[in-house]
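Asker: Predicted model and sequence follow; I will ask about them next.
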Amino acid sequence: MQPGAEIDGFTIGECVHRGGMATLWSVTHPGIKAPLLMKVPLTSEGEDPAAIVSFEMEQMIMPRLTGPHVPACFGTGDFERQAYVVMERIPGQTLYKRIGDLPMPYDEARGIAGRIASALASLHRQNVIHHDIKPSSIMFRPHGGAVLIDFGLSHHSQLPDLLQEEFRLPYGTAPYMAPERLLGVRDDPRSDLFSLGVLLYFFTTGVRPFGETESLRGMRRRLWRDPHPPRKLRRDYPPWLQEIVLRCLEIEPAARYPTAAQLAFDLAHPELVKLTAPSQRQTRDSFGTVWRRRFNRGAMQPHAKSNVAAQLASSPIVVVALDIAEGPDAPNEAIRVTAERVLSTSPSARLACLNVLKLNRVSIDRTLDEQGQNKHVDRLVALQHWARPFGLDESRLTVHVLEAIDPAAAILEFAAVNHVDHIIMGARQSSMMRSLLGSVSGKVASEAPCTVTVVRPSRSTAQTDGSDGTPDHAGDTSAITPPGLF
Amino acid sequence: MRYPIAGRTLRVFDVGQRLVQPLRTTMRLALFSDIHANRQAFSACLEAARARGAERLICLGDIVGYGADPEWAVDTLMDLVGKGAIAVRGNHDDAIGAPSDGMNAEAQAAIDWTRGRLSAEQRRFLAELPIMRQEDDRLYVHSEASDPANWRYIRDTSDAARSMMATELQITFCGHIHRPALYSMSSAAKMTSFVPTPGIKVQLLTGRRWLTVLGSVGQPRDGDPAASFAMLDTTTREITYLRVPYDVATAAARIRAGGLPGWLADRLFLGR
């Protein structure tokens, strides 16, 4: 490798970084405008053998990744001639540069962790677990989105895992490594959520939750010993933040957030985080609990083989958009039946009930109605009431009233920002209203970034005929009356 | 012995003792194994392979046995070989000419039934198939490379390692076990195993050796009744394992109508 040399049309520029496993060179290509980096593994005698294997993983995984949360890949070269990966050069520094600023203000750390969680949600949807989440593998685009770099330890659930039997010891960064990694588990996406929890704990307290130990013995402690609650270190630590951090740092993956998207949701809505006992804790688990964890591991369930896609599919974020103001004709019961069907097949689903408080385009809106009641609060109460029959744990249910001029645009934006997997909403019943106001569900269905179910009660039970807005006389009364009443 | 073994390394000769390797060619290969005289399954796979632009066909043995259309299967393969396809011999093909004692009762019954259906020319074609073939850096064999005439199964990474150590070629293709799998060995002889996801390309990286175990066309046993085959792009070195649903009911009905053991029909529905 020499500056000025050419490999497969890429002209080598300066060497920008020399790491333990690879060197990074700035390169140019006449057909590519974006600034480029070439990553070249260190493969000579005496180098870490992990360098080759982790490079092979990057070579397989990087060309398949898409989206704004990873560097775009422009080419790979194999070991027969010159091994390399050419990727987009992300401007700026990694998050490691912020380590001198710790502890950070809570809200700034929340914003950073939320952006990383969004990036992880995007990565996990592509069947990839990063396995080395730490400040030095995170960068940011100029508009703010997080970019994950370094996929040398990653796992792709649709590709052979070359690291699976390569090393007897788990490979990664000790302070950030999830406990199950120490048991050889490499297929659980929630390992990345643990690492992000370590980062969030560190950034908000200035202390690493499991210290800086590098020895396997020291690392194994996290299989039974929980970290000090952040409130013990900082009196003013917000309960919602401790709730989130401790949930990420749960020893059992099943007790953590089921998906990165659900974690991002809580980080985006701290006021809606359901506070449980851990949010107030000042002390660690009792000696007895730790003892049982440490010496009774044999009694624990063996770790079921996991699959990234199945894990995500069982834990969707489902939005129900309800039209509370439309009156008794709104198909809210039919929406409930549909939502029940979706929730019954997704044990870790999270439900967000939405209502849009429509603002007028011209007049200045008052949040109080004629009777002086607060419309916003009324609607929140109505949404809570509607959702009560589901019997969902409060940590899985949130209600939101959005204020917007364009209801469809508000629902679409909520879905995009919160990584929503499924929107359930009703079709407007009256065709006259539909022709006057346009179809909200039609716009949402055609533009949403996810699945949309439009609920329409079947004709025989509908109150109005879709053709002209007049009452439907076609069906006889017995067809409308539910037979269960007799 | 048909295959000379020198040390740990096995040298493979074609029927014509081709010692000079041809120039590397780049093309899309379709690889089939364990057709087992299942006409419906093999037809569906051939059609799927053609639709994907297959330029060359490789058959990894066990053309007959179990299924009810051995004449059609052998004729089809003879025709394909005449047009440039490569085929190697499997244990069921072998048993037609040289009775074997290592088979279970149902397999043996199917072999005896099949033998009576095939013409002398068809039987000779099967008997004369090579036990292994080499092409560029690829080895084609029915069972595995370390002791191919003993028809051992690749069940785990140690079986795979034994086969990979027995050849210098970078990629070995085999079948025999009726369950798709993909093994690799790093330059430090570390092994990885993987159950391929249908339809997802995997690049066979040049830095390591690969053993690609194909599923069965005509009698899958991994719980999925759909026929299994694979495509390899020799330029990008990407392999794609594929599953093709086919008319199982007709294939099973023909097995029953032909008087073969009923379980051979039943298991097609289960993929077991």
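Answerer: Okay, I see it. Bear in mind the structure is a predicted one, so any value in this text is a computation, not a measurement.
Asker: in the stretch 1-150 of chain B, what residue is nearest chain A?
Answerer: B:Asp137 (10.8 Å; Cβ to the nearest Cβ). No exception for glycine: its C-beta is placed from N, CA and C like everyone else's.
Asker: What is the burial count for the residue nearest to that residue when sequence neighbours are not counted?
Answerer: What sits nearest to B:Asp137 in space, not counting adjacent residues and going by Cβ to Cβ, 6 or more residues apart in numbering or on different chains, is B:Gln170, at 4.3 Å. Neighbourhood size, B:Gln170 [other Cβ atoms under 10 Å in any protein chain shown]: 18.
Asker: Also B:Gly262?
Answerer: The burial count for B:Gly262: 12, using other Cβ under 10 Å.
Asker: Can you give me the distance of it to chain A?
Answerer: If you measure B:Gly262 against chain A using Cβ to the nearest Cβ, to the nearest Å, the figure is 34 Å.
Asker: excluding its backbone neighbours, what's nearest that residue?
Answerer: In space, B:Gly262 is closest to B:Arg256, 6.3 Å off (Cβ to Cβ, 6+ apart).
Asker: Return the per-residue confidence for A:Gln367.
Answerer: In this structure residue A:367 is Thr, not Gln. You'll see A:Thr367 listed with a pLDDT of 57.
Asker: make that A:Ser460, sorry
Answerer: 55.
Asker: how about low-confidence regions in the stretch 351-486 of chain A?
Answerer: The stretch 351-486 of chain A contains residues with pLDDT under 70 at A:361-373, A:429-437, A:459-486.
Asker: what are the phi and psi values for B:Leu182?
Answerer: Taking degrees, to the nearest 10, you get phi -140, psi 120 for the backbone angles of B:Leu182.
Asker: ok, and for stretch A:262-280, which residues are buried?
Answerer: By 16 or more other Cβ atoms under 10 Å in any protein chain shown, the buried positions in stretch A:262-280 come out as A:262-268, A:270, A:272-273, A:278-279.
Asker: Could you pick out which of those are located in helices?
Answerer: A:262-268 (DSSP state H).
Asker: Next, the residue of the stretch 51-200 of chain B found nearest chain A: phi, psi?
Answerer: Residue nearest to chain A within the stretch 51-200 of chain B (Cβ to the nearest Cβ): B:Phe194, separated by 3.7 Å. Backbone torsions for B:Phe194, taken as degrees, to the nearest 10, come to phi -160, psi 140.
Asker: which residues does it contact?
Answerer: Listed by Cβ atoms under 8 Å, 6 or more residues apart in numbering or on different chains, the contact partners of B:Phe194 are A:159-161, B:181-184, B:202.
Asker: try 6 Å
Answerer: A:160, B:182 (Cβ atoms under 6 Å, 6 or more residues apart in numbering or on different chains).
Asker: Over to A:Pro160?
Answerer: Counting by Cβ under 6 Å, 6+ apart, A:Pro160 has contacts B:182, B:184, B:192, B:194.
Asker: can you do 8 Å?
Answerer: For A:Pro160, the contacting residues are B:182, B:184, B:192-194, B:202, by Cβ under 8 Å, 6+ apart.
Asker: Briefly note if the helix ranked longest in chain A comes near chain B.
Answerer: Counting by DSSP H, the longest helix found in chain A is helix A:106-125. No. Helix A:106-125 lies out of reach of chain B by Cβ under 8 Å from any Cβ of the partner chain, never closer than 15.1 Å.
Asker: Distance from that helix to the middle of the chain?
Answerer: 7 Å (Cα atoms, centre = their mean, to the nearest Å).
Asker: Ok, stretch A:221-240 next?
Answerer: Worked out by Cα atoms, centre = their mean, stretch A:221-240 lies 23 Å from the chain centre.
Asker: do the same with stretch B:163-179
Answerer: 11 Å.
Asker: Stretch B:185-194 now?
Answerer: 23 Å.
Asker: again with stretch A:5-13
Answerer: 38 Å.
Asker: first to last residue in it, what's the distance?
Answerer: 8 Å (Cα to Cα, to the nearest Å).
Asker: And stretch B:87-105, by the same measure?
Answerer: 27 Å.
Asker: List the buried residues of it.
Answerer: Going by 16+ other Cβ under 10 Å, stretch B:87-105 has these buried residues: B:87-96, B:103.
Asker: And for stretch A:130-143?
Answerer: Here stretch A:130-143 shows A:130-140 as buried, counting by 16+ other Cβ under 10 Å.
Asker: again with stretch A:155-175
Answerer: A:155-164, A:166, A:170-175.
Asker: C-alpha coordinates for it, CSV please?
Answerer: Only the C-alpha atoms of stretch A:155-175 are listed here, as CSV (Å, rounded to 0.1, in the frame of the first residue of the first chain):
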residue,chain,number,x,y,z
HIS,A,155,-23.4,-11.5,13.2
HIS,A,156,-25.7,-11.8,10.2
SER,A,157,-28.5,-14.3,10.8
GLN,A,158,-28.6,-15.2,7.1
LEU,A,159,-24.9,-15.7,6.6
PRO,A,160,-22.3,-18.1,8.1
ASP,A,161,-21.0,-16.7,11.4
LEU,A,162,-17.2,-17.1,10.9
LEU,A,163,-16.5,-16.0,14.5
GLN,A,164,-18.7,-18.7,15.9
GLU,A,165,-16.0,-21.3,16.5
GLU,A,166,-12.9,-19.2,15.8
PHE,A,167,-12.1,-18.0,19.3
ARG,A,168,-12.5,-19.8,22.5
LEU,A,169,-12.9,-16.5,24.4
PRO,A,170,-15.6,-14.0,23.4
TYR,A,171,-14.2,-11.2,21.3
GLY,A,172,-15.3,-7.7,21.8
THR,A,173,-14.9,-4.7,24.1
ALA,A,174,-14.9,-5.9,27.7
PRO,A,175,-16.8,-3.0,29.4
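Asker: ok, for B:Asp34, nearest residue in space, not its chain neighbours?
Answerer: B:Ser216 (3.6 Å).
Asker: What count of nearby residues applies to the one you found?
Answerer: A count of neighbours around B:Ser216, defined by other Cβ under 10 Å, yields 27.
Asker: just checking, the residue of the stretch 1-150 of chain B closest to chain A touches B:Leu169?
Answerer: Yes. Between B:Asp137 and B:Leu169 there is a contact under Cβ atoms under 8 Å: 5.3 Å.
Asker: out of these two, which sits in the more crowded spot?
Answerer: Neighbours were counted for B:Asp137 and for B:Leu169 using other Cβ under 10 Å; B:Leu169 has more, 22 against 17.
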